[in-house]
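Chemist: Need coordinates for the below:
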Amino acid sequence: MIPGLIALFSIVSFAYMGLFMAILIIAGRIFSGIRKTLLPFTEENARHLKTIAILIAVISVVPAFIEAIGEAIIGYSMDMFYFSIEGLVLEFVVYSLAHIFEYGLNLQEQADETL
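Modeler: Modelled structure (predicted):
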């Protein structure tokens, strides 16, 4: 029973680490793009922010799914079946920020056309 519990805990930990690393890599791409173009409001940055928002949503629910699968396989629960409401709120904020970036891009294009 204990090796299965350790395996389940390891899977959850590696899933978190992988998702956090993906978020950091994508955030690095956003900052790198801003440094290269000196323009924060680009379609690429908005797309990157939407990807980060999706990854945050996955982080918010992944423990519940992994535990449910683990409980079905090894028959032991880690008592961590929860959905992170804070994570889902953060996901909403980041997704809203992506839409703000898209709107900023539209305003920037309109300003460029009028000059």
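Chemist: What are the boundaries of the helices in this protein?
Modeler: Along the chain, the segments classed as helices by DSSP state H run 2-37, 43-74, 85-114.
Chemist: In the protein, where is pLDDT below threshold?
Modeler: Along the chain, the model assigns pLDDT under 70 to residues 1-2, 4-5, 75-82, 115.
Chemist: Pick out the residue nearest the middle of it.
Modeler: Closest to where the C-alpha atoms of the chain average out (C-alpha atoms, centre = their mean) is Leu55, at 2.4 Å.
Chemist: Please list all residues in contact with that one.
Modeler: Contact analysis of Leu55 by C-beta atoms under 8 Å, 6 or more residues apart in numbering lists 19, 22-23, 26. (C-beta placed from N, C-alpha, C; glycine too.)
Chemist: Please repeat the previous calculation with a cut-off of 7 Å.
Modeler: Under the criterion of C-beta atoms under 7 Å, 6 or more residues apart in numbering, the neighbours of Leu55 are 19, 22-23.
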